[in-house]
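*Asks:* here are the coordinates; sequence isn't available:
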């Protein structure tokens, strides 16, 4: 699926709740996972592929390449998680900092401080209510993707100066692509 890239205003749209889990939603989840793995990324919100629905996919077990940027010789085991209508039920006072990137803001990374752990309530692909306790990279990834569903981006956690520079750079690149 084509990715929505900054400065597309769709990235700032608040996503609508998913009304029901059906075959179309399951197909969307599969397509999103395929897009995320292909990118490669570890998380993707539906809004990033132009679908303003409260659904995201994550898999922090497989980055698709090693530290040197080389594809692994064998496929890493995948552990995808499809999260529908997520709600952060609680978050820790303890904070952690990760260098975050985003498939919608390619090749830009910055350190972001977030709660170190979260408890998230969500609906799974079987339509059942679930809860997950997450810490470390998974907690960061879930918070990052839930932000997307609320129209927020990880660059919103940066200083205004840094954020404005990033937006300006991507706006210029978008203008040049249209020429």
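*Replies:* That came through fine. These numbers come from a predicted model, not from an experiment.
*Asks:* Where does the prediction get shaky in the protein?
*Replies:* By pLDDT under 70, the low-scoring segments of the chain are 62-76.
*Asks:* And the contacts of the lengthiest helix in the chain?
*Replies:* Identified as the longest helix of the chain according to DSSP state H is helix 160-178. Under the contact criterion Cβ atoms under 8 Å, 6 or more residues apart in numbering, helix 160-178 has outside partners 5-8, 105, 108, 110, 155-156, 158. C-beta: built from backbone N, CA, C; applies to glycine.
*Asks:* Can I have the buried ones of these as a ChimeraX selection?
*Replies:* Only the buried members of the contacts of helix 160-178 end up in this ChimeraX selection, burial being decided by 16 or more other Cβ atoms under 10 Å:
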select :5,6,7,8,105,108,110,155,158
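*Asks:* Please convert the contacts of helix 160-178 to CSV, extending it with secondary structure.
*Replies:* Formatted as CSV, the contacts of helix 160-178 follow (DSSP: H, G, I helix; E, B strand; the rest coil):
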residue, secondary structure
5, coil
6, coil
7, coil
8, coil
105, strand
108, strand
110, strand
155, helix
156, helix
158, coil
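*Asks:* Just send the contacts of helix 160-178 back as JSON lines, with distance to residue 37 too.
*Replies:* Output for the contacts of helix 160-178, formatted as JSON lines (distance: Cβ to Cβ, whole Å):
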{"residue": "5", "distance to residue 37": "19"}
{"residue": "6", "distance to residue 37": "22"}
{"residue": "7", "distance to residue 37": "26"}
{"residue": "8", "distance to residue 37": "22"}
{"residue": "105", "distance to residue 37": "19"}
{"residue": "108", "distance to residue 37": "21"}
{"residue": "110", "distance to residue 37": "24"}
{"residue": "155", "distance to residue 37": "24"}
{"residue": "156", "distance to residue 37": "26"}
{"residue": "158", "distance to residue 37": "28"}
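*Asks:* Kind regards, and thank you for your time.
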